[in-house]
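Trainee: sequence and predicted structure are below.
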Amino acid sequence: KNEVEQSPQNLTAQEGEFITINCSYSVGISALHWLQQHPGGGIVSLFMLSSGKKKHGRLIATINIQEKHSSLHITASHPRDSAVYICAVRPWNSGNTPLVFGKGTRLSVIA
Amino acid sequence: DTAVSQTPKYLVTQMGNDKSIKCEQNLGHDTMYWYKQDSKKFLKIMFSYNNKELIINETVPNRFSPKSPDKAHLNLHINSLELGDSAVYFCASSRIGGEVGEQFFGPGTRLTVL
């Protein structure tokens, strides 16, 4: 079983819909990352969280450390949001341990 | 002004060959990583270097040898390439302090072994 589980695996939405992607993990962590990978393949870091909530434009990320759960929300979704969204955790160790990744959620937003 | 760069972007080669992928970061970070993304798009750590020293070496065949000539570079050399080595390889970097551990990724190198 992967230490990081994401749901759903695939998601199709109509433009304008509110989207939620979930991430659960089973290890103690020092931080959780949300990454975006576009069809071209590049990976971009969206958020790094260790508690609470962060917002950037139409993207909101929350984390509940006690429940070992995080969500990524996209408001007013747009076709350009179509990408794979990857949750990754940094297991509690030292400052720069490598990330452990979920398998990603493939989002398609249709106009 | 690319933060983390990799070369080449695409690499097509025959089984049994030896090849290298280069990675450079101009962010002043002290830790660099190599990740492998398989055909199912699953990312997994291969190596981690901190200040030119190997700190993580996951279960990777010893045909893969990372080399860090300085803090800004982490190259990946692969001997005797096999079909199963076909994947996208991502380099990344991060630093201690500030936004601890936020990782910046290179554009990836798509390796195809024929």
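Mentor: Cool, the structure landed.
Trainee: and the spatially most central residue of chain B, what helix or strand is that in?
Mentor: The C-alpha lying nearest the average C-alpha coordinate of chain B belongs to residue B:34 (C-alpha atoms, centre = their mean; 3.1 Å). According to DSSP states H and E, residue B:34 maps onto strand B:31-37.
Trainee: and if you look at residue A:53?
Mentor: Using DSSP H and E, the element containing residue A:53 is strand A:52-56.
Trainee: list, one by one, the residues from chain B near chain A.
Mentor: Taking C-beta under 8 Å from any C-beta of the partner chain as the measure of proximity, chain B contacts chain A at B:30-31, B:33, B:35, B:40-45, B:48, B:50, B:55-56, B:88, B:90, B:94-97, B:99-105, B:107-108, B:110. Bear in mind the C-beta positions are built from the backbone N, C-alpha and C, glycine included.
Trainee: in strands only, show me these.
Mentor: For the residues of chain B next to chain A, membership in strands holds for B:31, B:33, B:35, B:43-45, B:48, B:50, B:55-56, B:88, B:90, B:94, B:104-105, B:110, with DSSP state E as the criterion.
Trainee: the bottom helix or strand of chain B by mean pLDDT?
Mentor: The helix or strand with the lowest mean pLDDT-type score in chain B, counting by mean pLDDT, DSSP states H and E, is strand B:53-57 (a mean of 72).
Trainee: would you mind listing the buried residues in the helix or strand following that one?
Mentor: Downstream of strand B:53-57, the next assigned helix or strand under DSSP H and E is strand B:64-70. Taking 16 or more other C-beta atoms under 10 Å in any protein chain shown as the basis for neighbour counts, the residues of strand B:64-70 that come out buried are B:64, B:66, B:68.
Trainee: state the pLDDT value of residue B:71.
Mentor: Among the per-residue scores, residue B:71 holds a pLDDT of 88.
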